[in-house]
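>>> got a sequence here, can you build the structure:
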Amino acid sequence: MEQIISPIALYLICALGAGGIALALPRRGLTHTKDKAFRYGGTVIVAAAFGFAALLMGIKASDAGNPMPNLFFYPFAFVAIGASVRMITHKRPVYSALYFIMTIIASCGMYILLSAEFMAFALVIIYAGAILITYLFVIMLATQAPTGDGDDDLSDVDAVAREPMLATAIGFVMVGLITAAMFGGVGELPSPKMTQAQAQNSVFAYLPKKVDKILDREGLLEDGWLVSRDHETGMAMIDPDARTIQIELVGMDNHGHDAVLETRTLTDEDWPEALVADNLDRLGFNLLNDHPIMIEVAGIILLMAMLGATVLARKHTELEDAIKAAQARKLGTMFDDGEPSGGHA
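Okay, the predicted model is just below:
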């Protein structure tokens, strides 16, 4: 961390940013003028904190002789920080969702600068697409529409932060801890035993059909030949360390059963250039093989959000129906008592 920013400066910046966010969050008991002044003041403090952080990191980078970030990084970072601050300080949830889109798009730009195209596309498709639609669905069902254009018509649940000081304190403490762990924890991890090429291509042992397609496309498999599979695990017989692949000819034996008629080994000289696992291969296999429960849990969380929004919307509808029924009974009682509503004698 010392090569990028001083730890003391990092924690001071987090404290300054937390104070700015706490001021910018909407709260009760303030007039419109004071509330606007607090929001603008908090936004300026947050901008100053992150600007100070960028200045310190630039000085550190210049002293160490490291190149400065790409020029496109600064507008993306400015939009991401500004939109994220406005997202949590805006009083109307729908506008907060729109600022969330700006934050996602700016983050995608920074991922592209890091050559992480998959992460950029995944953010747009998943967050700016599916998850944002779910958010808007929940907001429209669970939020009571105001009767006017003013902020006073909004419900306190939607327009006022419940615990602004506690929320910002916890949030920026987590930011400081995660940043410290990111710089200090990665260097303490054990070094991988496999080289980068071996780690990339080891995933092909679990993808025998893809290896078949690549070898067939390169003209290394004749009719009836396939990559050999382990009979117990079904994994491909491929050795990324020695860059060898065992293939076999599958046909019918004398009894009419499928059998391996011949085996052959492709050496390093026959290893095709296209047989290199990319980010999509490794990431897709890791998600579906090592973390399938996490994907299911994410789907369940989204489903529960929709169910909760439906329950809240039903309560609002039942409340409105009860008010209308009470008003109708009141009017009926007035007519039964001989008091016409038109004012005629």
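
>>> send the alpha carbons of the helix or strand harbouring residue 260 over as CSV?
Here residue 260, judged by DSSP states H and E, is contained in strand 258-266. This file holds the C-alpha atoms of strand 258-266, laid out as CSV (Å, rounded to 0.1, in the frame of the first residue of the first chain):
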residue,chain,number,x,y,z
ASP,A,258,-18.5,-49.7,-28.3
ALA,A,259,-14.8,-50.1,-27.6
VAL,A,260,-11.5,-48.3,-27.9
LEU,A,261,-9.8,-49.7,-31.0
GLU,A,262,-6.7,-47.6,-30.9
THR,A,263,-5.0,-44.8,-28.9
ARG,A,264,-2.5,-42.2,-29.8
THR,A,265,-0.8,-39.3,-28.1
LEU,A,266,-0.5,-35.8,-29.5
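
>>> paired strands for it, with orientation please.
strand 244-252 (antiparallel) (DSSP bridges).

>>> okay, buried residues for stretch 83-103 please.
Residues 83-90, 93, 96-97, 99-103 are the ones in stretch 83-103 that count as buried (16 or more other C-beta atoms under 10 Å). For the C-beta atoms, the positions are set from N, CA and C on the backbone; glycine is no exception.

>>> err, stretch 237-250, not the other one
Buried residues in stretch 237-250 (16+ other C-beta under 10 Å): 237-238, 240, 243, 245, 247-249.

>>> between these, which is nearest residue 219?
Proximity of the buried residues of stretch 237-250 to residue 219 was ranked by C-beta to C-beta; the top entry is residue 247 with 13.0 Å.

>>> OK, contacts around that closest one?
If you count contacts by C-beta atoms under 8 Å, 6 or more residues apart in numbering, residue 247 has them with 215, 220-221, 225-228, 263-266.

>>> after the lowest-mean-pLDDT helix or strand in the chain, next one along is what?
When the helices and strands of the chain are scored by mean pLDDT, DSSP states H and E, helix 196-201 comes last with a mean of 58. The helix or strand immediately downstream of helix 196-201 is helix 208-217, counting by DSSP H and E.

>>> dump that next one to PDB, keeping only the CA atoms.
C-alpha atoms of helix 208-217 as PDB (Å, rounded to 0.1, in the frame of the first residue of the first chain):
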ATOM      1  CA  PRO A 208     -13.400 -32.600 -23.300                       C
ATOM      2  CA  LYS A 209     -16.000 -31.700 -26.000                       C
ATOM      3  CA  LYS A 210     -14.500 -28.300 -26.500                       C
ATOM      4  CA  VAL A 211     -11.100 -29.900 -27.000                       C
ATOM      5  CA  ASP A 212     -12.700 -32.300 -29.500                       C
ATOM      6  CA  LYS A 213     -14.100 -29.300 -31.500                       C
ATOM      7  CA  ILE A 214     -10.800 -27.400 -31.400                       C
ATOM      8  CA  LEU A 215      -8.800 -30.400 -32.500                       C
ATOM      9  CA  ASP A 216     -11.300 -31.300 -35.200                       C
ATOM     10  CA  ARG A 217     -11.200 -27.600 -36.500                       C
END
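
>>> how about CSV for the buried residues of stretch 237-250, with distance to residue 301 and pLDDT added?
Formatted as CSV, those follow (distance: C-beta to C-beta, whole Å; pLDDT from 0 to 100):
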residue, distance to residue 301, pLDDT
237, 40, 86
238, 38, 84
240, 37, 78
243, 43, 81
245, 42, 87
247, 45, 87
248, 45, 86
249, 49, 84
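
>>> tell me which of those residues is nearest to residue 55?
Nearest to residue 55 among those, with distances taken as C-beta to C-beta, is residue 240, at 45.4 Å.

>>> wait, isn't residue 217 in contact with residue 211?
No - Residue 217 is not in contact with residue 211 according to C-beta atoms under 8 Å; the separation is 10.8 Å.

>>> please name the residues that touch the closest residue in space to residue 128 that isn't next to it in sequence.
Distances taken as C-beta to C-beta, 6 or more residues apart in numbering put residue 104 closest to residue 128, at 4.7 Å, once the chain neighbours are dropped. By C-beta under 8 Å, 6+ apart, the contact list for residue 104 reads 123-124, 127-128, 132.

>>> let me know the closest of the buried residues of stretch 83-103 to residue 173.
residue 88 (16.1 Å).

>>> sorry, back to before: out of the buried residues of stretch 83-103, list just those in strands.
Judged by DSSP state E, the subset of the buried residues of stretch 83-103 located in strands is empty.

>>> can you flag which of those residues belong to helices?
Counting by DSSP state H, the buried residues of stretch 83-103 place 83-89, 93, 96-97, 99-103 in helices.

>>> phi first, then psi, for residue 219.
Note on residue 219: its backbone torsions stand at phi 80, psi 20 [degrees, to the nearest 10].

>>> quick revisit: using CSV, lay out the contacts of residue 247 together with neighbour count.
Below are the contacts of residue 247 laid out as CSV (neighbours: other C-beta atoms under 10 Å):
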residue, neighbour count
215, 22
220, 16
221, 19
225, 19
226, 18
227, 25
228, 20
263, 12
264, 12
265, 13
266, 19
